[in-house]
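Colleague: Need the 3D shape of this:
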Amino acid sequence: MDDQNKNLILATVLSAVVLLVWFVLFPPEQRSPDIVEGDTSDGISAPQPGALVPPPSAEGEIAVAPGALEASPAESRAAAVAASARVPVETPRLTGSISLVGGRIDDISLRDYRETLDDDSPIVTLLSPAGGPDAYYALHGWVPAGDVPTEAVPSAATLWQAPEGAALTPDTPLVLTWDNGAGLIFQRTIAVDDDYMFTVSQSVENTTDTPVRLAPYGLIARHGEPETVNFFILHEGVVARTDGELAEIEYDDMTDLDLVQAEGGRVQRIEGTQDGWIGFTDKYWMTTLIPPAGVPFAEVVKYVDRADIYQTETRLGAVEIAPGATVNTESRLFAGAKEWETIRAYQNEQGVAGFVDSIDWGWFYFLTKPIFAALHWFNALIGNMGIAIIVLTLCIKAILFPLAYKSYVSMARMKELQPEMEKLKEKAGDDRQKLQQGMMELYKKNKVNPAAGCLPILLQIPIFFSLYKVIFVTIELRHAPFFGPFQDLSAPDPTSLMNLFGLLPFAAPEPGSILALVFIGILPILLGVSMWLQQKLNPAPTDPTQAMIFAWLPWVFMFMLGGFASGLVVYWIANNTITFVQQYTIMRSHGAKPDLFGNIKGSFKRKPAVANDGKPPSSRK
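Modeller: I've put the predicted structure just below:
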């Protein structure tokens with residue numbers, strides 16, 4: 001077997017091994033912050049008894065609407081929304097309402113995104129009120145410090161007052177007020193922009209004759225563990241940034257945190273001094289608390305066992321409010337889709353440091369970030385994500401072409417050295433050390449690098465992983481159309497052999513089922529054909545076992561990759577096609593004339609029988 005075929009076998013074996021084990025070898029990065037015990041900063045009061053009461057969990061704070069728990073999920077959510085007085089929220093991209101009970105931001109849906117591709121599919125619901133299914137909401141407020149009683153500050157059950165006919169829009173902030181009847185007047189102003197950012201401004205006026213100490217907080221709570229994709233390459237759970245350090249914590253890890261009796265749950269506390277944010281991230285959606293920049297803060301991850309509530313918090317230091325004085329504080333809340341362009345604008349234009357890292361770029365972030373930026377730019381220019389993937393593939397192949405050229409040239413030179421290598425084998429006999437020394441001298445004399453043929457393949461492995469990561473985690477690929485039946489490049493090929501790609505009047509098998517694995521669609525078939533044609537640039541190996549492996553590999557890959565995202569299969573088809581053209585052109589430029597059609601015909605010919613002596617009948621006397 002010549003070295004060109006050896007390199008090809010090595011390449012295919014490497015690719016197969018990588019596809020099978022890469023989830024284990026390259027798990028997503030997870031860095032957990034250190035737990036900080038007690039008070040470590042004069043600017044932040046630690047959550048110790050007598051110093052600062054932790055923000056409330058929602059357990060028992062909101063009455064459940066009558067019959068809500070017995071109703072269907074849709075009815076129970078509607079009942080939970082109707083259980084309290086509300087102010088509507090209407091923006092170009094959000095719709096919902098804010099509860100006057102607690103002043104909670106707890107009813108938010110995303111206008112631009114639907115659950116499925118169907119035109120009548122409901123829009124995506126992000127936040128939901130307590131008392132209904134999948135409760136998920138944000139709450140801001142104050143906690144008492146010093147001798148201030150708990151009832152002197154608003155709680156999650158406080159009924160706030162709003163102007164009659166009030167509505168929250170980008171042009172009309174919502175102003176809520178509450179008078180505790182004991183000399184403290186609280187005001188909360190909620191503003192929202194045209195995208196997904198809320199600004200919550202809180203003030204306290206002290207009309208008493210004694211100073212009071214209070215500390216502002218914000219929290220996001222999820223009742224029960226949410227349904228997740230639960231895939232190795234995707235992080236879902238807590239995502240936080242503190243003073244330049246990124247932390248990701250799974251839901252399962254939250255239940256294993258240390259139990260802190262004073263907090264009423266399992267807590268991990270992270271101190272910050274410069275900038276930060278913390279919240280919950282799903283595959284495509286995120287809700288994040290952003291404390292004011294430059295103000296010392298604490299970020300808290302909390303799990304309340306008895307109520308099964310997952311909670312993230314931001315806590316600022318206690319402030320003293322003198323008699324007759326008013327204190328103001330401001331923080332932000334992001335609640336929306338993880339759109340790269342939108343999040344990057346908040347980072348670059350509004351100072352939310354490192355916000356673009358809330359997207360899970362993974363270990364190969366130095367590749368995934370520029371790959372996605374290029375893909376996003378091509379899509380904006382062309383207007384079709386599928387074509388953008390093909391153009392991106394062409395650019396990647398152009399960048400790697402010098403290496404590919406050297407690889408193909410090295411393979412051609414090694415093929416020219418084949419006769420001399422056969423002579424070395426005859427001279428060396430069974431002395432493998434002598435053979436290897438002779439081969440190294442031969443390579444050195446002719447300036448041939450036998451490893452050059454593998455370098456482009458090795459470089460393509462992290463590129464492949466990075467592109468797969470980009471296609472899997474970024475919302476820009478969700479429901480991104482290509483053409484015809486391919487209306488979601490983040491999902492597997494929707495066509496199927498079972499219904500002759502839509503010609504027969506019945507549905508294709510359910511994605512992920514055994515039938516879907518067997519009755520693959522158009523794109524996996526094109527992938528198999530492209531790999532097969534690329535293989536036919538060279539004659540089949542003379543060894544029958546190797547020839548059989550080569551014959552089956554394209555079709556094994558075809559079924560292996562049939563359930564992958566359509567966008568990734570499009571990339572692989574384009575990559576194979578461009579590689580085929582490059583290899584064919586380079587081989588012709590060096591005097592080799594690939595017998596493509598002859599090799600194809602040869603693969604369909606009946607192979608002669610082989611006797612026990614290993615020789616075909618025509619060669620025996």
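Colleague: what bits of this protein have low per-residue confidence?
Modeller: 1-74, 412, 415-416, 450-456, 512, 538-543, 546-547, 590-592, 594-621 (pLDDT under 70).
Colleague: Not including adjacent chain positions, what is the nearest residue to the residue nearest the centre of it?
Modeller: The centroid of the chain falls nearest to residue 473 when counting by Cα atoms, centre = their mean (2.9 Å). Distances taken as Cβ to Cβ, 6 or more residues apart in numbering place residue 360 nearest to residue 473, at 5.2 Å, with adjacent residues excluded. Just so you know, the C-beta spots here come from the backbone N, C-alpha and C atoms, and that holds for glycine as well.
Colleague: Pop out the phi and psi values for the one you found.
Modeller: Main-chain dihedrals, residue 360, degrees, to the nearest 10: phi -80, psi 90.
Colleague: wait, it sits on residue 235?
Modeller: Yes - judged on Cβ atoms under 8 Å, residue 360 makes contact with residue 235 at a distance of 4.8 Å.
Colleague: Tell me the helix or strand right after the longest helix that the chain contains.
Modeller: When the chain is scanned for its longest helix (criterion: DSSP state H), the result is helix 385-416. Following helix 385-416 in sequence order, the next helix or strand is helix 418-428 (DSSP states H and E).
Colleague: now the angle from that following helix to helix 385-416?
Modeller: Relative orientation of helix 418-428 and helix 385-416, computed by axes from the mean of the first three to the mean of the last three Cα atoms, to 10 degrees: 50 degrees.
Colleague: List the buried residues for helix 418-428?
Modeller: Residues 421, 424, 428 are the ones in helix 418-428 that count as buried (16 or more other Cβ atoms under 10 Å).
Colleague: Can I get those in CSV including distance to residue 515?
Modeller: Formatted as CSV, the buried residues of helix 418-428 follow (distance: Cβ to Cβ, whole Å):
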residue, distance to residue 515
421, 49
424, 54
428, 54
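Colleague: out of those residues, who's nearest residue 206?
Modeller: Closest approach between the buried residues of helix 418-428 and residue 206, by Cβ to Cβ: residue 421, at 90.9 Å.
Colleague: Could you chop the protein up by domain?
Modeller: Annotated domains of the chain cover 31-346, 384-412+451-605 [automatic domain parsing].
Colleague: Residue 373 is nearest to which of those?
Modeller: Among the domains of the chain, domain 31-346 comes nearest to residue 373, with 8.0 Å by Cβ to Cβ.
Colleague: so how far is residue 196 from the closest residue to residue 352 other than its chain neighbours?
Modeller: Take residue 352 and drop its neighbours on the chain: the residue closest to it by Cβ to Cβ, 6+ apart is residue 346, 4.6 Å away. Using Cβ to Cβ, to the nearest Å, residue 346 is found at 9 Å from residue 196.
Colleague: Can you check which residues contact both of the two?
Modeller: residue 334 (Cβ atoms under 8 Å, 6 or more residues apart in numbering).
Colleague: Neighbour count: those two, which is higher?
Modeller: Shown here are residue 346 and residue 196; by other Cβ atoms under 10 Å, residue 196 has more neighbours (26 against 22).
Colleague: tally of neighbours for the nearest residue to that one once chain neighbours are set aside?
Modeller: Leaving aside its sequence neighbours, residue 196 sits nearest to residue 336 (Cβ to Cβ, 6+ apart; 2.7 Å). Residues lying near residue 336 (other Cβ under 10 Å) number 24.
Colleague: does residue 336 count as helix, strand or coil?
Modeller: Of the three states, residue 336 takes strand under DSSP: H, G, I helix; E, B strand; the rest coil.
Colleague: On the strand side of things, show who it bridges to.
Modeller: residue 286 (DSSP bridges).
Colleague: Could you verify my assumption that residue 326 touches residue 205?
Modeller: Yes - under the criterion of Cβ under 8 Å, residue 326 makes contact with residue 205 at 4.5 Å.
Colleague: which of the residues in the helix or strand residue 368 falls within are buried?
Modeller: Using DSSP H and E, residue 368 maps to helix 365-382. Residues of helix 365-382 classed as buried: 367-369, 371-372, 374-376, 378-379 (neighbour count, 16+ other Cβ under 10 Å).
Colleague: before we move on, what about stretch 146-154?
Modeller: Of all the residues in stretch 146-154, those buried under the rule 16+ other Cβ under 10 Å are 148, 152-154.
Colleague: Extract the CA atoms of that stretch and return them as PDB.
Modeller: This file holds the C-alpha atoms of stretch 146-154, laid out as PDB (Å, rounded to 0.1, in the frame of the first residue of the first chain):
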ATOM      1  CA  GLY A 146     -28.900  47.500  62.000                       C
ATOM      2  CA  ASP A 147     -32.100  48.000  64.100                       C
ATOM      3  CA  VAL A 148     -34.600  48.500  61.200                       C
ATOM      4  CA  PRO A 149     -37.400  45.900  61.500                       C
ATOM      5  CA  THR A 150     -38.100  43.600  58.500                       C
ATOM      6  CA  GLU A 151     -41.700  44.900  58.200                       C
ATOM      7  CA  ALA A 152     -40.400  48.400  57.600                       C
ATOM      8  CA  VAL A 153     -39.200  47.500  54.000                       C
ATOM      9  CA  PRO A 154     -41.200  46.200  51.100                       C
END
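Colleague: List the contacts of it.
Modeller: 53, 102-103, 141-144, 160, 178, 180, 182, 184, 186, 212-214, 318.
Colleague: Whichever of these end up buried, select them in ChimeraX.
Modeller: Buried residues among these (16+ other Cβ under 10 Å), as a ChimeraX selection:
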select :53,102,103,141,142,143,144,160,178,184,186,212,213,214,318
